[in-house]
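# I would like the atomic coordinates for the input below:
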Amino acid sequence: MSEEKANIKLFHILPPDGIPPKGIARLAESGCEAGEGHLVEFRTLPVRSLMNRVVSRRRLPFTWSINPYRGCEFGCRYCYARYTHEFMELRDPADFERKIYIKQSAAWLLRQELRSLKSNEPIAIGTATDPYQPIERRANITRSILEVFAGERGLSLGIVTKSTLIERDIDLLQQIAANNDLTVHITITTHDARLARILEPRAPRPDLRFRTVRCLREARLRTGVMCSPLMPGITDSGLALDTMARKSREADASFLFANPLFLKPCSKATFLAFVHEHFPQLDSVYAKRYEEAFVSRAYQRRVADLVAAVKRKYRLGNRVGEGRISTDKGREEGRTPRQQSFWPEETAPRKLALAQPARQRVMMTS
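A predicted model of the protein is given here:
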């Protein structure tokens, strides 16, 4: 039984000396060692709840989130969730991918919390950490959660992952989908394997993720491609989006979704270091435009127009809860509008000399 396996504590350690920290930091200290991998340490985390009410400025289409783990092994340079380790007094951003916490008694907690859930409140699994990161192969926390949902009816569920490991649980996903609304999001940030290797160093290759989309679709599961975040000057060109949409169509994806990068303080230094190493010509642009966490509304509209155009061209739908995407009226149906600037000003857009070199650099990355 996956639930029983998920609750095994592998290595016991003595509690730390002195006064223990408070809240989630105290719970983290009380956990046990659970093995290690390449440059990664694992610990159990005896949490008191599994479902988290979502509070966000980004108008997310779900009310509750579930993250079976704290921290993520994939090491994506843009990850916005690094701040969650700060609650456990872990201030080094790199700790998010090096110190992974395995939530204990997840299935039992979920059963208790579902009793008070309203039927119209959507739940998302994997919003801050990937539920199918490598440790899931032996910890089985995510599978134990799906076993609970397989016995429920009338829920609205979403899963977000970059991992091909989700194919292991097709049997449970089909059981869930039979009695609930289930949508699977496979995050594929770029089709370029070389770029993906430096951007998401320990995640599966993009072609393998597209294969997973097709596999889930053949199992009659609603599955789409999450092409987020879009990184200005790196993955946001019309050509890149057209390629992503075409490959999504070839994989029979139910939908395509894409949103611009936003940078929280916890992830800003990590991502800007990545830009400096691999795209130094964009240093000053990112420094200026990401003084705030979010890009300008003008840029957001430009991206929305590009995404809407390629979705029309390849007949790709919307994800559940996605608002109506603005379109650029007057353009020929099915054609991708020319992207005039990666970074349009709010009032007077102008072309940037860095735009063309940025596209060339993506293709040359090793």
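# ok, which stretches of the stretch 51-200 of the chain are helices?
Ranges of helices in the stretch 51-200 of the chain, per DSSP state H, counting those that start in this stretch, are 95-98, 106-114, 136-139, 141-149, 170-179, 193-199.
# chain center to the fifth one: distance?
Centroid separation between helix 170-179 and its chain, computed with CA atoms, centre = their mean, to the nearest Å, is 22 Å.
# Go ahead and confirm residue 125 touches residue 156.
No: counting by CB atoms under 8 Å, residue 156 is not a contact partner of residue 125; they are 11.8 Å apart. From N, CA and C alone the C-beta is placed, and that goes for glycine too.
# higher neighbour count, these two?
Per other CB atoms under 10 Å, whichever of residue 125 and residue 156 has more neighbours is residue 125, with 23 against 19.
# Find me the pLDDT at that one, would you?
For residue 125, the pLDDT comes out at 97.
# Contacts only, for it.
Contact criterion CB atoms under 8 Å, 6 or more residues apart in numbering gives 65, 66, 67, 68, 131, 142, 145, 157, 158, 159, 160 as the residues in contact with residue 125.
# who's it bridged to?
Beta-bridge pairing for residue 125 (DSSP bridges): residue 66, residue 159.
# heads up, I number from 843, so please use that
Yep, numbering from 843; the last one is residue 967 now.
# From residue 1000, how far off is it?
7 Å (CB to CB, to the nearest Å).
# got CSV for the helices of the stretch 893-1042 of the chain, with mean neighbour count too?
Output for the helices of the stretch 893-1042 of the chain, formatted as CSV (neighbours: other CB atoms under 10 Å):
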stretch, mean neighbour count
helix 937-940, 21
helix 948-956, 18
helix 978-981, 20
helix 983-991, 24
helix 1012-1021, 17
helix 1035-1041, 17
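# on that earlier part again, just the contacts of residue 967 now: which is nearest residue 885?
residue 910 (14.0 Å; CB to CB).
# Not counting its neighbours along the chain, what's nearest that closest one?
Distances taken as CB to CB, 6 or more residues apart in numbering put residue 983 closest to residue 910, at 3.9 Å, once the chain neighbours are dropped.
# isn't the one you found right next to residue 911, touching?
Yes: at 6.8 Å, residue 983 and residue 911 qualify as touching, with contact defined as CB under 8 Å.
# joint contacts of these two?
Shared contacts of residue 983 and residue 911, defined by CB under 8 Å, 6+ apart, comprise 944, 945, 973.
# Relative to residue 1088, how far out is the last one?
Remark: distance between residue 973 and residue 1088 (CB to CB) = 28 Å.
# So which of these two has more stuff around it?
For the pair residue 973 and residue 1088, the greater number of neighbours falls to residue 973 (25 against 15), based on other CB under 10 Å.
# wait, doesn't the more buried one sit right on residue 912?
No: using CB under 8 Å, residue 973 is not in contact with residue 912; the gap is 11.9 Å.
# any low-confidence regions in the stretch 843-992 of the chain?
Filtered on pLDDT under 70, the stretch 843-992 of the chain yields the residue ranges 843-880, 897-904, 927, 929.
# Quick one: the strands in it, in order.
Ranges of strands in the stretch 843-992 of the chain, per DSSP state E, counting those that start in this stretch, are 875-879, 882-887, 893-895, 906-908, 911-912, 941-945, 965-967.
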